[in-house]
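**Q** model this:
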Amino acid sequence: MATLAVEQASTAELPRSPRFDDKTHPVAKLLFAAILMGGLAFAGWSILVDTREAGETLALGVFAFLGLALLIALGFEFVNGFHDTANAVATVIYTNSMPAQLAVIWSGFFNFLGVMLSSGAVAYSIITLLPVDLLLNVGSAAGFSMIFALLLAAVLWNLATWYVGLPNSSSHALIGSVLGVGFANQLILSGSRGGTAGVDWAQATKVFSALFWSPLMGFAGALVLLLVLRILFRRQPQLFRAPSGNTPPPRGIRALLIGTCTAVSFFHGSNDGQKGMGLIMLILIGCAPTAYALNRTLPASATADFVQTSRAANTVFDARSNGITVTPAQARVILTDALQHRKIDGPKPYAAMEAISTSLTEEVASYGSLSKVPARASSNVRNDMYLVLDSSKLATKKPVGFSEAELKTLKAYQNDLERGTRFIPVWVKIVVAIALGLGTMIGWKRIVVTVGEKIGKQHMTYGMGAAAEIVAAATIMGADRLGVPVSTTHILSSGVAGASVGSGAGLQVRTIRNMALAWLMTLPAAMLLSGGLYWLMLSAVRVFGLH
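**A** Numbering: from 1, shown residues only. Next up is the predicted model:
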């Protein structure tokens, strides 16, 4: 009898798996639906207001097409929410720091805040991977085929990996989809555009390297941090214990775990939310260029600053053009080729930058402000600003031969060009934040169970959860400041694995193997999906004679 009592007491203290069968209150379901429908209605209303103010009238067919494209883009962010953010809540759920339902609502709210307060720097880092000719002609049939193909491919792969409960990176899937479209575009055109149809592999290497290192940083960082915590808090052994039954952790440890979950959710929103923003801006530029190709919210006073910085930059370009003169039409061809090959070589590109910049200065000055650029000129002005901006950035990437004053002049000009072309309307941030935040509250269970139960061989301790979350939050925050996309899933799930090794718990080989296979397969799978979809859509365009 005494032995049985001891066994029962010991069993009662074992950590238990969280309960995920709590039913959602009907009022919560209604509120969820109301926010979702309200967000979509707000997006439609904002587009109508923006186009009306810009003097652009959208035909019913164009508006319906735009609505479909936005739904798919927001669908990607919705899936991203429950696929990636499940990693953030797994630690607080499996350490009994927060009930599961409350944890996902909490995480969804801070994802929303992360998107709203994001810088926008990441939004255009993925876009620059796309072929130059598609970026300059985003409103064409090929441009729309590109957008639909890469979004559908990323969503399909995310849903497939979610269905089997496998932590997979939405960022990884999206970048694979972008590369697939670019590669397919190059094959279809067979180099007929002088190399401008393919992928910007220099930018792709930079972006993909961040995704490559993120799981290694997560694993090593969490392992080292847990060992450091063991040394610093060796007199507080409760930090390195698994929860007892369903008992919450001590107050201080609970606050730490909730704080780290909050940080990961916030920085996930600030980084991942921007990827959808950039793609939505491409859709808007293609469907409603008058309203969205240029930042029409800039005050008229900004025009005088633009003219001044442009003329100063032209002096720098002229000094390196060796007296060569080209027409704006010739300049566009020269800079398009330079951007594709990622090389500013000789005086011709500088002469081209000067030609387009001079033309831009005269045109914008004649209108008085960007808000007054007429519909017929919006796309051309935006493309010219894009060409000069990215070409000048490429020229100053290795600032050899530039004086400090010249670099300062070009930086000021680049900032003005960015303000004119690379902007995110507030309503876009709001609807992306809603999609990502609401997505966090749906479908999270499969990934949470994998992270909480199937990576380490033992139940997650408080220290393991804290170490993994701290490393993930710090890494994503750093990437956000640098303007590069990283994977929350890769960092946090590998962080849990590293913390498990650091605690001596060991790993479940099958799960780690499947995660590694997903990490290796995501890029080629997404590339094949998006490339195939892009080819099918272009074929449909030709068959049905669409433009």
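**Q** going forward, measure contacts and count neighbours with C-alpha atoms only.
**A** Noted.
**Q** all helices for the stretch 51-200 of the chain, in order.
**A** 60-84, 86-94, 100-116, 123-127, 132-136, 141-163, 170-189 (DSSP state H, counting those that start in this stretch).
**Q** so which of those is nearest residue 317?
**A** Taking CA to CA, helix 132-136 is the member of the helices of the stretch 51-200 of the chain nearest to residue 317, at 22.2 Å.
**Q** mind checking which of the helices of the stretch 51-200 of the chain is nearest residue 502?
**A** Across the helices of the stretch 51-200 of the chain, closest to residue 502 is helix 86-94 (CA to CA), at 16.2 Å.
**Q** out of the helices of the stretch 51-200 of the chain, which is closest to residue 351?
**A** Among those, helix 132-136 comes nearest to residue 351, with 20.0 Å by CA to CA.
**Q** make sure residue 368 is actually in contact with residue 300.
**A** Yes - under the criterion of CA atoms under 8 Å, residue 368 makes contact with residue 300 at 6.7 Å.
**Q** which residue is nearest the centroid of this structure?
**A** For the chain, the residue nearest the mean C-alpha position is residue 275 (2.6 Å; CA atoms, centre = their mean).
**Q** who touches that one in this structure?
**A** Residue 275 is in contact with 122, 123, 124, 126, 171, counting by CA atoms under 8 Å, 6 or more residues apart in numbering.
**Q** one more: residue 335?
**A** Per CA under 8 Å, 6+ apart, neighbours of residue 335: 349, 352, 353, 387, 388, 391.
**Q** going by neighbour count, list what's buried in the helix or strand where the residue nearest to the centre of the chain lies.
**A** Here residue 275 sits within helix 251-287, counting by DSSP states H and E. Burial within helix 251-287, assessed by neighbour count using 16 or more other CA atoms under 10 Å, is assigned to 253-254, 256-287.
**Q** same thing with stretch 332-351?
**A** 332, 334-342, 344, 347-351.
**Q** stretch 537-544 now?
**A** Using 16+ other CA under 10 Å as the test for burial, stretch 537-544 gives 537, 538.
**Q** do stretch 239-249 as well
**A** Neighbour counts over stretch 239-249 (16+ other CA under 10 Å) mark 239, 240, 241, 242, 243, 244, 245, 246, 248, 249 as buried.
**Q** which non-adjacent residue is nearest the fourth one?
**A** Spelled out, it's residue 242. Sequence neighbours aside, residue 461 is the residue nearest to residue 242 in space, at 4.1 Å (criterion: CA to CA, 6 or more residues apart in numbering).
**Q** measure that neighbour to residue 221 for me?
**A** Distance, residue 461 to residue 221, by CA to CA, to the nearest Å: 17 Å.
**Q** where does the residue nearest to residue 242 land on pLDDT?
**A** For residue 461, the pLDDT comes out at 87.
**Q** cool, and residue 4?
**A** Among the per-residue scores, residue 4 holds a pLDDT of 37.
**Q** now residue 456, what are its backbone angles?
**A** phi -90, psi 160 (degrees, to the nearest 10).
**Q** bridging residues for it?
**A** Taking DSSP bridges as the rule, residue 456 bridges to residue 507.
**Q** just to check, residue 152 is in contact with residue 70?
**A** No - Residue 152 is beyond contact range of residue 70, at 11.9 Å (criterion: CA under 8 Å).
**Q** any residues in contact with both of those two?
**A** Shared contacts of residue 152 and residue 70 (CA under 8 Å, 6+ apart): none.
**Q** what helix or strand is the nearest residue to residue 78 once chain neighbours are set aside located in?
**A** Nearest non-adjacent residue to residue 78, counting by CA to CA, 6+ apart: residue 439, 4.3 Å away. Element membership for residue 439 (DSSP H and E) is helix 426-440.
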